[in-house]
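J.: Prediction below, plus the sequence it came from.
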Amino acid sequence: MTEQDIVQLVRERAEKRVLFLPHAVRQMSRPERMIRPVDVIAILNDGALVEDYPEDIRGHSCLL
């Protein structure tokens, strides 16, 4: 799977649903981070693939 394929798949899935689990909300809300949900959506729509983790124990994942 190419970098472009991965980014396209993430974007397609994000159009359907983005779920913020409690752990993510806690991490996003840390005073030194303060990442807003709208910032996450912006990265999902316009971001680039930074790292790919195809063998992640939780399933294929990536960093945008």
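T.: Cool, got the structure. Numbers count the residues shown, from 1 in each chain.
J.: okay, residue 1: pLDDT?
T.: At residue 1, the predicted lDDT confidence score is 83.
J.: In the chain, where is pLDDT below threshold?
T.: For the chain, no stretch is flagged by pLDDT under 70.
J.: what are the ranges of the strands in it?
T.: 51-53, 61-63 (DSSP state E).
J.: Just checking: what are the partner strands of the last one?
T.: According to DSSP bridges, strand 61-63 has the following sheet partners: strand 51-53 (antiparallel).
J.: Find out how far the partner strand is from the centre of the chain, if you would.
T.: On the basis of Cα atoms, centre = their mean, to the nearest Å, strand 51-53 sits 11 Å off its chain's mean C-alpha point.
J.: which other residues reach it?
T.: The contact list for strand 51-53, computed with Cβ atoms under 8 Å, 6 or more residues apart in numbering, reads 3, 6, 60, 61, 62, 63. (Each C-beta comes from the backbone N, C-alpha and C, glycine too.)
J.: What residues does the fifth one make contact with?
T.: Contacts for residue 62 (Cβ under 8 Å, 6+ apart) come out as 6, 10, 49, 50, 51, 52, 53.
J.: coming back round to it: list just the nearest of the contacts of strand 51-53 to residue 44.
T.: residue 62 (11.2 Å; Cβ to Cβ).
J.: what is that closest one paired to in the beta sheet?
T.: Going by DSSP bridges, residue 62 is paired in beta bridges with residue 52.
J.: From residue 41, how far off is it?
T.: For residue 62, the distance to residue 41 equals 16 Å [Cβ to Cβ, to the nearest Å].
J.: Can you give me every residue that contacts the spatially closest residue to residue 43 that is not a sequence neighbour?
T.: Using Cβ to Cβ, 6 or more residues apart in numbering and skipping the chain neighbours, the partner closest in space to residue 43 is residue 64 (5.2 Å). Neighbour list for residue 64: 7, 10, 43, 44, 47, 48, 49, 50 [criterion: Cβ under 8 Å, 6+ apart].
J.: among the residues you listed, which are in helices?
T.: Among the contacts of residue 64, the ones falling in helices (DSSP state H) are 7, 10, 43, 44.
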